[in-house]
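dropping a prediction and its sequence here:
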Amino acid sequence: MNTSRSISRRRFLATSSFAITSAPAIVRAATKAEFSFSFATAAPRGSSFHQTFQNMIQKWKEASGGRVDVTLYPGTQGGEAAIVRRMGINQLQGAMLTAGGMAQIDRAPTALQLMPMVFNDWPEVDHVRDIMRPRLEEALVQKGYHVLFWGDAGWVRWFTKKPVLRPSDIKPMKIYADTGDPAGLEIVREYYQPVPLEPDKIFTALSTGMIEGVSMPAFLANFTQIATVTGHMLDLKYIPLTGAMVVSAKAWNRIPEDLREKLRAIGDETGTEVRKNSRAEDDAAIGVMQSKQGLKVAQATPEVVAEWRRVISGAYPAIRGKIVPAPLFDEVMSLVKAFRAKAGA
């Protein structure tokens, strides 16, 4: 009987997509971790993000000799506002959050995301993030959280049930809105009809006509088959979906400093991997949706992009201060302007 159980266990490890057969013997033999945490992500189970985070957790386990173990909950803990609330009462100790979700902790990270039509490309995003990173991380430290790594998930684009090209096309539409951002709701009412929903209700709401569109990155639209119930996408880089893996200081500080350094290094490697993979997947996902889900893509010409930027810039006075802290808003605008001037030179 013992032999049979041993064979079954080996077969399970051999077929598991997340098994690391080369893990040190001490990891395989460990029965109870010294530091056990629960992390969450809104990314769906089985997505590339979920798999990358699982790989990081396995590396943490190996590097710590089994002392650190993390249970990851993908797409099951509600929206990001709910995830942050769960961290606040210690039901969760960490999470991968977008800058919008991080705003539930501190509004500083909103400067990297909630400024539509400000960034043109990833080099601009990377430049601004690299310069502002220490300040953003310190703001979170002051609220009791540490950043393990920064990542992004592609450019947010418009997916709609009717063709959209110009801002006026979307104004009469009912569009998904995040329930955790009441200040943002008031601003976007000027541009379309927001319908606050939890993320897991988007597909059904589109199917039933409760909403007529949603803004999201292409990788997520592809994974959740959004194109099958929308049919149209405007290829406009509206905002970069950025964020970070954060952990509560209370949980993180339980781990000895020398071990934290090892885990932090693995986190940095994971962040690099997330950014690299997500950017490649962003463009590839659009082609997949066109070929397999019948997605029709409208290309935003320079003229159309300029019109969107002109219209959306009308919201900047409301975003500055109410959504993004005014000093950080000004700094982003200054950094982007200087970066473009240098690139042009």
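Sure, I can see it.

list the contacts for residue 155?
Residue 155 is in contact with 217-218, 237-241, 282, counting by CB atoms under 8 Å, 6 or more residues apart in numbering. (Glycine included, C-beta is placed from N, CA and C.)

er, residue 112 actually
Counted by CB under 8 Å, 6+ apart, residue 112 has contacts 99, 125, 128-129, 132, 136, 240, 242, 332.

one more: residue 57?
Applying CB under 8 Å, 6+ apart, the residues contacting residue 57 are 39, 69-70, 72.

could you measure from the spatially most central residue of the chain over to residue 175?
Centroid-nearest residue in the chain, with CA atoms, centre = their mean: residue 98, separated by 4.1 Å. Distance, residue 98 to residue 175, using CB to CB, to the nearest Å: 18 Å.

now do residue 287
25 Å.

these two - which one has more neighbours?
The residue with more neighbours, out of residue 287 and residue 175, is residue 175; 19 against 13, by other CB atoms under 10 Å.

how close does the more buried one sit to residue 212?
According to CB to CB, residue 175 and residue 212 sit 7 Å apart.

again, but for residue 248
39 Å.

now residue 306
25 Å.

now swap in residue 231 and tell me
11 Å.

tell me the buried residues in the longest helix anywhere in the chain?
For the chain, the helix with the greatest residue count under DSSP state H is helix 257-292. Buried residues in helix 257-292, counted by 16 or more other CB atoms under 10 Å: 259-260, 263, 266-267, 270-271, 273-275, 277-279, 281-282, 285-286, 288-289.

what's the answer for stretch 300-317, then?
300, 304, 307-308, 311-312, 315-316.

do stretch 315-335 as well
For stretch 315-335, a neighbour-count test (16+ other CB under 10 Å) marks 315-316, 319-320, 323-325, 328-329, 331-333, 335 as buried.

could you do stretch 191-203 as well?
Quick answer for stretch 191-203 (16+ other CB under 10 Å): 191-195, 197, 199, 201-203.

and the residues you listed as a markdown table, adding secondary structure?
Listed next are the buried residues of stretch 191-203 as a markdown table, based on DSSP: H, G, I helix; E, B strand; the rest coil:
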| residue | secondary structure |
| --- | --- |
| 191 | coil |
| 192 | coil |
| 193 | strand |
| 194 | strand |
| 195 | strand |
| 197 | strand |
| 199 | helix |
| 201 | helix |
| 202 | helix |
| 203 | helix |
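
could you pull out the strands for the stretch 1-150 of the chain?
Per DSSP state E, counting those that start in this stretch, the stretch 1-150 of the chain carries strands over the ranges 35-41, 68-74, 94-98, 145-160.

what angle sits between the last one and strand 94-98?
If I follow you right, that is strand 145-160. Put simply, strand 145-160 runs at 40 degrees to strand 94-98, going by axes from the mean of the first three to the mean of the last three CA atoms, to 10 degrees.

strand 145-160 to strand 35-41, inter-axis angle?
Interaxial angle, strand 145-160 versus strand 35-41 (the same axes, to 10 degrees): 20 degrees.

and the furthest pair within the contacts of residue 112?
136 and 240 (14.6 Å; CB to CB).

so those two - more neighbours on which side?
residue 240 (29 against 22).

next one: the residue nearest to residue 230 when sequence neighbours are not counted from residue 231, what distance?
Distances taken as CB to CB, 6 or more residues apart in numbering place residue 159 nearest to residue 230, at 4.4 Å, with adjacent residues excluded. From residue 159 across to residue 231, the span is 9 Å (CB to CB).

just residue 88 next, same as before
Taken as CB to CB, the span from residue 88 to residue 231 is 40 Å.

tell me which of those two has more neighbours.
Between residue 88 and residue 231, counted using other CB under 10 Å, residue 231 has the larger neighbour count: 18 against 13.

output the buried residues of stretch 315-335 in JSON lines, with pLDDT, secondary structure and distance to residue 164 appended to each entry.
Output for these, formatted as JSON lines (pLDDT from 0 to 100; DSSP: H, G, I helix; E, B strand; the rest coil; distance: CB to CB, whole Å):
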{"residue": "315", "pLDDT": "93", "secondary structure": "helix", "distance to residue 164": "18"}
{"residue": "316", "pLDDT": "95", "secondary structure": "helix", "distance to residue 164": "22"}
{"residue": "319", "pLDDT": "94", "secondary structure": "helix", "distance to residue 164": "22"}
{"residue": "320", "pLDDT": "95", "secondary structure": "helix", "distance to residue 164": "26"}
{"residue": "323", "pLDDT": "92", "secondary structure": "coil", "distance to residue 164": "23"}
{"residue": "324", "pLDDT": "94", "secondary structure": "strand", "distance to residue 164": "25"}
{"residue": "325", "pLDDT": "95", "secondary structure": "coil", "distance to residue 164": "31"}
{"residue": "328", "pLDDT": "96", "secondary structure": "helix", "distance to residue 164": "30"}
{"residue": "329", "pLDDT": "96", "secondary structure": "helix", "distance to residue 164": "27"}
{"residue": "331", "pLDDT": "97", "secondary structure": "helix", "distance to residue 164": "32"}
{"residue": "332", "pLDDT": "97", "secondary structure": "helix", "distance to residue 164": "27"}
{"residue": "333", "pLDDT": "97", "secondary structure": "helix", "distance to residue 164": "27"}
{"residue": "335", "pLDDT": "97", "secondary structure": "helix", "distance to residue 164": "30"}
